[in-house]
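Trainee: just a sequence and a predicted model for now, questions to come.
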Amino acid sequence: MNNSVGKRLEQYTVKKSQEVLIVTVEIDDETDEIAIFKGFSSSLMRPTAYDPDVPVLPDTATIIAIDRIASPYNPESPRYLQQNISWEDMQVLLSEIGV
């Protein structure tokens with residue numbers, strides 16, 4: 001299994017299919033927001049590659065914060081489960097579910 005950050009977060013949403021992750025990152029000195037749901041990632045601020053093998057969240061990205069949101073995700077009225085999670089705290093949640 002690929003243990004990249006993006007793949008781990010995607011696997012989290014496979015196991016926690018009732019959650020959407022909104023990941024705020026910095027990629028090449030630009031801020032981006034990435035939605036991850038049921039194992040798929042999509043940028044909310046820039047085009048997402050059609051090829052699923054092209055990572056939306058590269059390993060070179062710096063994670064600023066992660067929000068856990070109840071699905072279905074409504075960007076106008078999100079139901080936050082937890083906000084502003086650091087990468088260190090998210091790793092604990094990933095470990096708890098074996099990802």
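Mentor: Looks like it arrived, so ask away. Numbering: from 1, shown residues only.
Trainee: parallel or antiparallel, list what pairs with the worst-scoring helix or strand of the chain on mean pLDDT.
Mentor: Within the chain, judged by mean pLDDT, DSSP states H and E, the helix or strand with the poorest mean is strand 40-43; its value is a mean of 93. In the sheet, strand 40-43 lines up against strand 30-37 (antiparallel) (DSSP bridges).
Trainee: now the helix or strand where residue 81 lies: buried residues?
Mentor: Taking DSSP states H and E as the definition, residue 81 sits inside strand 80-85. Judged by neighbour count (16 or more other C-beta atoms under 10 Å), strand 80-85 contains these buried residues: residue 85. The way it works is simple: take the backbone N, C-alpha and C, and place the C-beta from them, glycine included.
Trainee: again, but for stretch 15-23
Mentor: Quick answer for stretch 15-23 (16+ other C-beta under 10 Å): 16, 19-23.
Trainee: for that stretch, how far is the first residue from the last?
Mentor: 17 Å (C-alpha to C-alpha, to the nearest Å).
Trainee: quick one: distance of that stretch to the chain centre.
Mentor: Stretch 15-23 has its average C-alpha position 8 Å from the chain's average C-alpha position, going by C-alpha atoms, centre = their mean, to the nearest Å.
Trainee: residue 46 against residue 32, yeah?
Mentor: Yes - between residue 46 and residue 32 there is a contact under C-beta atoms under 8 Å: 6.1 Å.
Trainee: more neighbours, these two?
Mentor: residue 32 (18 against 11; other C-beta atoms under 10 Å).
Trainee: quick check: the more buried one vs residue 47, distance?
Mentor: 11 Å (C-beta to C-beta, to the nearest Å).
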